[in-house]
Every structure is written in structure tokens, then in C-alpha cells.
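**Q** generate coordinates for the sequence data below:
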Amino acid sequence: MNRREFLKSLGLTAAAIAVPSGCKILTSEKRPPNFVVIFLDDSGWADFKPFGNPLYDTPNVNRLVNEGCRFTQFYVPQAACSASRAALLTGCYPGRTKVFGAHLPREKGLSPKYATIAEVLKNKGYSTGVFGKWHVGDQPETRPPARGFDESCGLMYSNDMWKYHPGTRAFDKWPLQFWENGKITIQDVTPEDQKKLTKKYTEHAVDFIKRNKNDPFFLYVPHSMPHVPLFCSKKFDGKSGAGLYGDVITEIDWSVGQITKALKDNGLEDNTLVVFTSDNGPWISYGNHAGKTPFREAKGTSFDGGKRSACIVKYPRMIKAGSKSDKAWCSIDILPTFAALAKSELPESPVDGKNVFGLISGKPGAKNPHEYYPFSILSEFQGIISGDGRWKLQLPHKYITLEKPGKDGKPGKYNIAKIELSLFDMKNDPYETTNVLDKYPDIAARMKTFAENHKKTFYK
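**A** Alright, predicted model coming up:
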């Protein structure tokens with residue numbers, strides 16, 4: 001029996017899952033769903049319409065919104081590159097995997113003892129591909145081919161970790177390399193090479209879809225952009241009319257359109273769940289080369305400007321087109337949710353996320369199964385938010401706050417501030433302006449107990 005016959009013999013259908021009203025079920029479809037995750041780097045919550053109102057158009061992301069559900073309170077557990085990626089791929093808190101911050105070149109990265117989404121889905125016969133920025137380890141045992149991905153290409157870490165970074169020579173001894181399927185194909189990436197990154201990732205993704213249309217697949221596209229330094233291909237240079245940042249976002253929007261078109265052209269649209277989001281909020285130190293967020297602070301902090309990312313989920317089988325949700329959930333929930341839809345067992349390694357498909361699909365009465373989500377910066381545990389997204393407890397800690405933004409690719413200046421123990425009502429105060437610790441002592445006490453227990457368990 002070949003893989004396709006095996007999967008058909010399972011008789012997997014959408015009918016096994018509760019369906020919200022207004023959604024269609026393709027009962028003739030026997031294969032499990034495909035999964036596509038488009039993961040941007042440092043994109044601001046307001047960089048795309050209709051989350052924000054930028055000066056440039058993003059028609060393909062708009063179309064994705066109109067065909068799926070827009071989530072306004074989606075979180076990552078740490079607003080930094082490696083920590084956010086490891087959490088997405090494993091469904092684990094950074095405090096469990098100990099992947100904190102943004103790893104430097106030649107760091108080992110995510111321990112192989114924590115299974116990735118790709119490894120979980122391969123157990124059910126999925127083809128797997130990652131095209132983009134990896135940044136969870138560049139040693140042989142932590143590179144994509146060793147972590148469940150059949151195909152891969154991209155940078156092993158952030159595109160600013162190269163010899164051209166302004167104001168530092170820290171990366172001179174580490175050339176920025178481009179990898180394909182476990183081999184280096186560009187030994188020392190140049191500015192001209194960076195201009196081709198978004199296009200190259202997209203072309204690989206589209207080709208992967210075409211070649212795997214007859215089998216279930218997991219496609220992960222973690223774009224290098226709009227992380228600085230900003231680059232776009234010649235076709236998009238000046239196209240947005242809103243500066244280089246707008247050009248870069250316009251090309252990313254094109255990429256979204258190419259990927260979703262490939263799904264449609266190959267008859268896969270109705271049976272593919274697409275997630276579009278970002279690893280964290282904008283790196284506002286870079287001024288006109290950074291995105292926008294309406295929330296407090298930005299990347300590198302535990303305020304919502306850093307942790308809250310715009311998110312869209314499209315799955316025509318089960319999610320009502322054009323819907324909007326203010327339900328809170330987190331990137332750690334993606335692995336267990338995908339596993340449930342694929343009828344795959346969870347790995348033996350611990351998973352902190354939970355299956356939240358009922359919440360994502362708008363099932364009546366669905367609630368977030370988490371009592372809380374923790375958040376941190378580097379190895380410092382800084383607080384929690386309740387599973388329903390209503391209450392946020394900030395533990396006392398220092399944080400960065402922008403004094404003066406940079407310009408045209410050069411960073412600005414931060415100051416160090418401090419927050420005392422604070423409780424925020426995120427429903428009525430999403431911008432974290434007013435500490436209501438004294439107003440809601442019972443809620444504060446319950447949240448403090450969750451935080452204390454979490455710290456004892458994960459930050460010994």
C-alpha cells in the first residue's frame with residue numbers, strides 16, 4: 001500500500017469535527033488537510049489592511065481576510081526571533097525549551113528532544129517544506145533536514161547578522177550563508193542576494209505546492225522581511241509610493257497572493273488551512289524602516305506592542321469567510337491544533353499548547369482551554385495573560401523604551417524604564433495605560449498565584 005492509499009484508507013473527513021454554522025463540508029474529500037504557515041519577521045500589527053491603515057495597498061492580505069477569519073488578539077510568548085520560532089515549531093514555552101532571544105551564528109539552538117510540527121506531521125505521511133529564515137539552530141542536528149523537513153532553503157539566522165550591519169564588526173567572522181536542502185549554495189550573501197530573498201522563498205513555496213498537490217503537506221514560509229536590513233526585488237522598488245518599508249510589505253503581499261493562487265490553481269484551496277502572522281511586533285528603533293503597532297512599546301518587550309501580532313486563518317472547509325474574532329490564543333497552540341486536524345498523535349516530548357480549533361473555527365460556546373499564557377524576555381519571566389485575554393499581570397521588571405528612532409537603516413536610541421507589579425484590563429484598556437491592581441484584588445491574587453507557580457516550574 002502506498003502513502004496515498006494508506007491515507008485514503010483512514011477515511012478522514014471534516015465531519016468528525018464540529019462545524020460552525022455557515023461553513024461548508026467537503027464530504028467527498030478523504031485526505032487530511034494541508035497546512036501553510038506564513039510567518040513574517042518584525043512585522044507590525046498595523047502593517048496590513050484592515051488591521052491598520054497604511055499608505056500602501058495590501059490586496060492579497062485583504063483577500064485572505066475576506067476569505068478567512070481575522071484574529072485581533074493573537075500572541076507570541078516572547079517578542080524575539082529565535083524564542084518565537086521555537087515556540088511556534090514545538091508548541092512549548094520558551095521557559096521549557098530554553099530558547100531565548102535571538103541566537104547568534106553557530107549557536108546550537110533548539111534541542112532535538114523537542115519535536116517540531118514537521119516531525120509530528122511526517123508521522124502521518126505529510127510532505128514538509130520550509131523556505132525562509134530558520135533561526136533555531138545552525139548545527140547539523142538542528143538544521144531543517146534534521147528537524148523533519150523534506151525540503152528547505154533560506155538563511156540560518158537573521159539577515160542583519162552580516163558584515164554590513166551598521167556600527168558593529170561582530171559578524172565579520174561569520175559570513176551570512178544561504179542554504180538549500182542542507183547545503184550552502186551562497187557562501188557570503190550580498191545586498192543583491194538579499195533583494196531576491198522574498199522572491200526566492202515564494203518561488204520555492206509555489207513549486208512545493210505544485211509538486212505535492214496529490215499528498216498532504218505542511219508548508220512553512222518564515223520570511224526574512226521586514227526585519228532590517230530591508231530589501232526588495234527590482235519589480236517592487238518604489239512601487240508602494242510609501243518608501244522602502246512599504247515596498248517590502250508590498251512584495252510580501254505579492255508573495256501571499258502567489259502562494260494562495262497556487263493553492264487555488266491546484267485544487268487545494270478548500271482543503272488547506274493557512275495561517276498568516278508575524279514572529280513579534282515591529283523593531284521601532286529603526287524608525288522609517290520599521291512597522292507600526294497601536295499597542296504599547298514594541299519588539300523586545302512584554303507589552304502588547306511586542307507580543308501581539310496580526311493573524312489571519314483561512315480554512316474554507318471549516319472557517320467562515322470574512323469573519324473576525326477577538327478571542328485570544330497563542331502560537332504555541334498551532335502544533336497541537338494541526339496535530340488534531342491531521343489525526344496525528346502528539347509527540348512524547350512535552351507540549352504546552354492546546355488544541356484550540358473550536359475557538360479558531362468559531363464553534364458556539366468555545367473557550368480557550370488555557371488558564372494563562374506566560375511571557376518573557378530573554379531568560380526573564382515577566383508575567384502572564386489570562387487564557388481569555390482579559391487580564392494581564394506584569395511582574396516588576398525593566399524594559400526598553402524608545403527615546404529617538406533611527407532612520408534609513410540605522411538604529412535609534414533606547415532608554416531603560418521600569419514597571420512595577422501591574423494588572424491591566426485588556427478588554428477595556430488594550431494599550432496597558434492603567435494599573436488596576438488595587439481595583440481587582442481577587443483577580444490580581446489569582447493571577448499572581450499562576451505566575452508564582454509558573455516561575456517555580458520553569459525558572460528554577
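
**Q** okay, stretch 332-341 in CSV with CA atoms only?
**A** Taking C-alpha atoms only, stretch 332-341 is exported to CSV below (Å, rounded to 0.1, in the frame of the first residue of the first chain):
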residue,chain,number,x,y,z
ILE,A,332,2.1,27.6,20.9
ASP,A,333,-1.4,26.3,20.1
ILE,A,334,-0.6,25.8,16.4
LEU,A,335,1.2,22.4,16.8
PRO,A,336,-1.5,20.7,18.8
THR,A,337,-4.3,22.1,16.7
PHE,A,338,-2.6,20.9,13.5
ALA,A,339,-2.0,17.5,15.0
ALA,A,340,-5.7,17.2,16.0
LEU,A,341,-6.8,18.1,12.5
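
**Q** what lies in contact with it?
**A** Residues lying outside stretch 332-341 but in contact with it, judged by C-beta atoms under 8 Å, 6 or more residues apart in numbering, are 17, 32-33, 35, 37, 77, 87-93, 116-117, 120-121, 218, 273, 275, 344-346, 351-357, 360, 373. Yep, even glycine has a C-beta here, placed from its N, CA and C like the rest.

**Q** buried ones in that stretch?
**A** When neighbours are counted by 16 or more other C-beta atoms under 10 Å, the buried residues of stretch 332-341 are found to be 332-341.

**Q** make a ChimeraX selection of the buried ones in the contacts of stretch 332-341.
**A** Typed into ChimeraX, the line below selects the buried ones among the contacts of stretch 332-341, using 16+ other C-beta under 10 Å:
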select :32,33,35,37,77,87,88,89,90,91,92,93,116,117,120,121,218,273,275,344,346,351,352,353,354,355,356,357,360,373
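
**Q** among the contacts of stretch 332-341, which ones are in strands?
**A** Secondary structure of these is defined by DSSP state E; positions in strands are 35, 37, 218, 273, 275, 373.

**Q** what's near enough to touch the last one?
**A** Each residue near residue 373 by C-beta under 8 Å, 6+ apart is listed here: 75, 77, 328, 330, 332, 384-385, 387.

**Q** and for the third one?
**A** Applying C-beta under 8 Å, 6+ apart, we find residue 218 in contact with 34-37, 117-118, 121, 126-129, 338.

**Q** then the first one?
**A** With contacts taken as C-beta under 8 Å, 6+ apart, residue 35 has the following neighbours: 117, 121, 217-219, 272-273, 275, 338, 341-342.

**Q** for the buried residues of stretch 332-341, give me CSV that also has secondary structure.
**A** Formatted as CSV, the entries for those read as follows, by DSSP: H, G, I helix; E, B strand; the rest coil:
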residue, secondary structure
332, helix
333, helix
334, helix
335, helix
336, helix
337, helix
338, helix
339, helix
340, helix
341, helix
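
**Q** most widely separated two among those residues?
**A** Taking C-beta to C-beta as the measure, the buried residues of stretch 332-341 span a maximum distance of 16.2 Å, between 332 and 341.

**Q** now the helices for the protein?
**A** In order along the chain, the chain carries the following helices (DSSP state H): 3-10, 59-67, 81-90, 94-97, 117-122, 191-194, 197-211, 243-265, 304-307, 334-341, 357-360, 441-458.

**Q** need these in CSV (columns: distance to residue 366).
**A** Converted to CSV, the helices of the chain look like this (distance: least, C-beta to C-beta, whole Å):
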stretch, distance to residue 366
helix 3-10, 26
helix 59-67, 21
helix 81-90, 22
helix 94-97, 26
helix 117-122, 22
helix 191-194, 42
helix 197-211, 30
helix 243-265, 26
helix 304-307, 23
helix 334-341, 12
helix 357-360, 4
helix 441-458, 22
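
**Q** any chance of JSON lines for these, columns distance to residue 291 and mean pLDDT?
**A** Converted to JSON lines, the helices of the chain look like this (distance: least, C-beta to C-beta, whole Å; pLDDT from 0 to 100):
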{"stretch": "helix 3-10", "distance to residue 291": "40", "mean pLDDT": "36"}
{"stretch": "helix 59-67", "distance to residue 291": "13", "mean pLDDT": "98"}
{"stretch": "helix 81-90", "distance to residue 291": "15", "mean pLDDT": "98"}
{"stretch": "helix 94-97", "distance to residue 291": "23", "mean pLDDT": "98"}
{"stretch": "helix 117-122", "distance to residue 291": "26", "mean pLDDT": "98"}
{"stretch": "helix 191-194", "distance to residue 291": "18", "mean pLDDT": "98"}
{"stretch": "helix 197-211", "distance to residue 291": "15", "mean pLDDT": "98"}
{"stretch": "helix 243-265", "distance to residue 291": "7", "mean pLDDT": "98"}
{"stretch": "helix 304-307", "distance to residue 291": "10", "mean pLDDT": "98"}
{"stretch": "helix 334-341", "distance to residue 291": "22", "mean pLDDT": "98"}
{"stretch": "helix 357-360", "distance to residue 291": "24", "mean pLDDT": "98"}
{"stretch": "helix 441-458", "distance to residue 291": "30", "mean pLDDT": "98"}
